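Student: sequence and predicted structure below; questions after.
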Amino acid sequence: MADTSKPLLIKRYASRRLYNTETSDYVTLEDISGFIRDGREVQIVDLKSGDDLTRQYLLQIIAEHESRGESVLPVAVLNDLVRSYMSGNVSVVPQFLQASFDMLRDGQSKVVENMTSMNPIAKMPGMDAMKAQQEAFLKAMTAGWGGGPMAGATSAKQDAKPEPEPDQGEDLDAIKKQLAELQNKLSKLK
């Protein structure tokens, strides 16, 4: 069984092929992207020199997704990143980006925690379905970033929906309508 707490070691051979040391097989950039989406950290090293190539390959994965129209980074942000590389001064951009992503993951964890805590609203009928929708939405918005609690969350379509009680009336109908709208928006994001 692989130790998922350590980064997955990928070795790059002279032929530029990438070798997964855990499964003893060759992998593609798309495979590596999948490992990362599943919450796994990776480390890519050159077999001959021992150089760490992780950053180079992660940037290549991002560039490929952006070129396929899967844009996450607005042009203004990309311009700012280029400026931060081109200025001779020490940039605060890396620290800012790291803090921003840390806050996003932390906020994501708190949303899930609030939805599952001993909150009386969490016991309302239909809240399980709403929680599943919220988890699916957050997972879609963060594109499965590792480290967050959503890394292994199932989609709302796979979760069983509780049966409505007959005396809930209009409130339940409004919740169902909102859930259907959210589900429709999520399917359009995919």
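Tutor: Done, it's in. Numbering: from 1, shown residues only.

Student: ok but residue 71 is inside a strand, no?
Tutor: No - applying DSSP: H, G, I helix; E, B strand; the rest coil, one finds residue 71 to be coil, outside a strand.

Student: read off the pLDDT value for it.
Tutor: pLDDT, residue 71: 80.

Student: next SSE after the lowest-mean-pLDDT helix or strand in the chain?
Tutor: Here the helix or strand of the chain ranked lowest by mean pLDDT, DSSP states H and E is helix 127-142, holding a mean of 68. Counting by DSSP states H and E, the element after helix 127-142 in chain order, helix or strand, is helix 169-189.

Student: so what does that next one touch, helix or strand wise?
Tutor: Secondary structure elements in contact with helix 169-189, counted by 3 or more Cβ pairs under 8 Å, 6 or more residues apart in numbering; DSSP states H and E, are helix 127-142. (Each C-beta comes from the backbone N, C-alpha and C, glycine too.)

Student: wait, residue 44 touches residue 16, no?
Tutor: No - judged on Cβ atoms under 8 Å, residue 44 makes no contact with residue 16 at a distance of 11.4 Å.

Student: the two: who's more crowded?
Tutor: Between residue 44 and residue 16, counted using other Cβ atoms under 10 Å, residue 44 has the larger neighbour count: 22 against 7.

Student: mind listing what the more buried one touches?
Tutor: By Cβ atoms under 8 Å, 6 or more residues apart in numbering, the residues touching residue 44 are 10, 11, 12, 18, 32, 52, 53, 54, 56, 57.

Student: pretty sure it is in a strand, no?
Tutor: Yes - the assignment for residue 44 (three-state DSSP) places it in a strand.

Student: ok, back up a step: now the buried members of the contacts of residue 44.
Tutor: If you count burial by 16 or more other Cβ atoms under 10 Å, the buried members of these come out as 10, 11, 12, 18, 32, 53, 54, 57.

Student: skip the chain neighbours and tell me the closest residue to the fifth one.
Tutor: Going back to what we said before, that points to residue 32. Counting by Cβ to Cβ, 6 or more residues apart in numbering, residue 42 is the residue found nearest to residue 32 once chain neighbours are left out, at 5.8 Å.

Student: please report the distance of the one you found from residue 83.
Tutor: Computed with Cβ to Cβ, to the nearest Å, the distance linking residue 42 and residue 83 is 28 Å.

Student: and the two? Which one has more around it.
Tutor: Ranked by neighbour count (other Cβ under 10 Å), residue 42 and residue 83 place residue 42 first, with 21 against 11.

Student: ok, the more buried one - contacts?
Tutor: Listed by Cβ under 8 Å, 6+ apart, the contact partners of residue 42 are 7, 8, 9, 10, 32, 35, 36, 54.
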